[in-house]
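# Predicted model and sequence follow; I will ask about them next.
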Amino acid sequence: MTELPLLRFIPFRRSDIVEMCLSEGDLPVEAAQQFRHKCQSIEEFFQRDFHAIKQHIKDAYAPLDPDADTRLLSEFIKRDNTADLVASLEQVLQRANYEKVTEQDLQHALRSASLFQVRLYVDMEDFEEVLLYTRGATAREETLRELFGLWRRKVNFINYDRVLLYIRFKQEIDSDSALGDCQGGSTMLKLFQNVPAADLEMLFPNIRVGMRMLDRLLIGVPALVSGGIVFTTKLGATLLLLGSLLGFWLGVSSKPVQLDKAALLALVAGLGALGGYCWKQFSNFRNRKLKYTQALTENLYFKLLDNNAGVIYRLLDDAEESECKESILAYYFLLQADHAVTAAQLDKEIENWFARVWQCKIDFEIDDALGKLSKLQLAHCEDGLWQTA
């Protein structure tokens, strides 16, 4: 498995970051008080910033929301909000440290074998537009049990802590598709947790469960064996009688067939045995498919975090948290430095601190963090050296 890139996401809460910094004890009492005061100013700034962004995205998503319970006034709505919505969402996702799944990665996931040992099918032609974003990719190992638990094998895979699915449906949805009651022209947003990269297709609303070759063998081989037994033991007399009747009707045989009570009972019994056999095999196929569908549904139940407008609010909160954490960290390490430093020095200091003290490897976005501090007038740069304002 290829080595995964370092995460931009900082896996600690904003308030914890403040306490983690102060726990170092490098700041005098007065400087520590100043740090807390500036942290509050940083939080207030981004609260105002993201409030305006939230209102803008809400207005863009309102006419596309399939769960809306308010009336739409067409005279106040733009004709096409999708481009505006996607652009705004992508900006928020970038600030919340999400990574976009490329078309190549998505197609690879659709071709990969599912960890749930189920063959899944998705028809991408049902959608007008599909976007996938992930955050927190980690390498994992899991032991799968196969052949009724008799054989175990270990698999290595990439797992995503968060996956965002954006789908815009076509205006006209085919009645034969698996989309059910999905509203044509609407936009669906879903947020999931702990999703293996090979199972991204299970997140789509038109997923169909198919049979693997192993499942077909487990059903087909016993069906052939039991079918042979049924034909040789219970259908012999019936087949002989039907063959005689068919031969007489076609003129192949001139000997008439006597349909007495015993012959009719044998015919009915044979046809009943045949019908029972066919129904049993159909039930085996259906029950196995229902078993996989139930397992998939139960799995998705625990992975789904939010839907539609709720996803937007969660993403906005994540983005606000990320912006605050990055600004607070950059400001603290500038404040405790005894001299002006370069961006590269500050970046290395913060990343080493996380790795050394908190056993967490991250790719800190130093340029973005210093840019925010400069905008907040909490830091300035002179001749490539940064220090607090």
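Yep, that arrived. Residues are numbered from 1 along each chain as shown.
# the helices in the stretch 251-389 of the chain, which residues?
Assigned by DSSP state H, counting those that start in this stretch, the stretch 251-389 of the chain shows helices spanning 261-303, 309-335, 343-358, 366-375.
# For the last one, could you pull out the residues that count as buried?
Put plainly, it is helix 366-375. 366, 368-373 (16 or more other CB atoms under 10 Å). Backbone N, C-alpha and C define where each C-beta goes, glycine included.
# pLDDT for the residues you listed - can I get that in CSV?
Formatted as CSV, those follow (pLDDT from 0 to 100):
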residue, pLDDT
Ile366, 94
Asp368, 92
Ala369, 94
Leu370, 95
Gly371, 94
Lys372, 94
Leu373, 94
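# which one of those sits closest to Gly136?
Checking the buried residues of helix 366-375 against Gly136 by CB to CB gives Asp368 as the nearest, at 18.5 Å.
# Just give the nearest non-adjacent residue to the closest one, would you?
Leaving aside its sequence neighbours, Asp368 sits nearest to Glu326 (CB to CB, 6 or more residues apart in numbering; 6.4 Å).
# How about Cys360: what's its closest non-neighbour residue?
That would be Phe354: by CB to CB, 6+ apart, it lies 4.7 Å from Cys360.
# do you know how far the one you found is from Leu6?
Distance, Phe354 to Leu6, by CB to CB, to the nearest Å: 10 Å.
# Next: Asp317.
24 Å.
# for Arg152, same thing?
Here the criterion is CB to CB. By it, Arg152 lies 32 Å from Leu6.
# Touching both of Phe354 and Leu6, which residues are there?
Residues touching both Phe354 and Leu6 by CB atoms under 8 Å, 6 or more residues apart in numbering: 361-362.
# Tell me which of the two has more neighbours.
Phe354 (18 against 11; other CB atoms under 10 Å).
# Show the contacting residues for that one.
Contacts of Phe354 were listed using CB under 8 Å, 6+ apart, and they are 10, 360-362, 364.
# could you dump the residues you listed to a markdown table with pLDDT, distance to Lys348 and neighbour count?
Shown next, in a markdown table, are the contacts of Phe354 (pLDDT from 0 to 100; distance: CB to CB, whole Å; neighbours: other CB atoms under 10 Å):
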| residue | pLDDT | distance to Lys348 | neighbour count |
| --- | --- | --- | --- |
| Ile10 | 94 | 16 | 23 |
| Cys360 | 92 | 15 | 14 |
| Lys361 | 92 | 13 | 10 |
| Ile362 | 92 | 12 | 18 |
| Phe364 | 95 | 9 | 22 |
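# Export those residues as a markdown table, with columns for distance to Phe127.
Formatted as a markdown table, the contacts of Phe354 follow (distance: CB to CB, whole Å):
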| residue | distance to Phe127 |
| --- | --- |
| Ile10 | 33 |
| Cys360 | 37 |
| Lys361 | 36 |
| Ile362 | 34 |
| Phe364 | 36 |
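# Which ones among those lie within strands?
If you go by DSSP state E, the contacts of Phe354 have nothing in strands.
# ok, so of these, who is nearest Val92?
Checking the contacts of Phe354 one by one against Val92 (CB to CB), the nearest turns out to be Ile10, at 16.8 Å.
# What's the separation between that closest one and Phe169?
35 Å.
# Skipping adjacent residues, who's closest to Gln91 in space?
In space, Gln91 is closest to Ile53, 7.9 Å off (CB to CB, 6+ apart).
# Counting neighbours, what do you get for the closest residue to Leu200 other than its chain neighbours?
The shortest distance from Leu200 to any non-neighbouring residue, by CB to CB, 6+ apart, is to Ala109 (4.2 Å). For Ala109, the neighbour count with other CB under 10 Å is 20.
# And the pLDDT for Ala109?
Listed pLDDT for Ala109 reads 73.
# Would you indicate which residues of the helix or strand harbouring it are buried?
Ala109 belongs to helix 103-111 when assigned by DSSP states H and E. Neighbour counts over helix 103-111 (16+ other CB under 10 Å) mark 105-106, 109 as buried.
# Since that was my last question, I'll sign off now.
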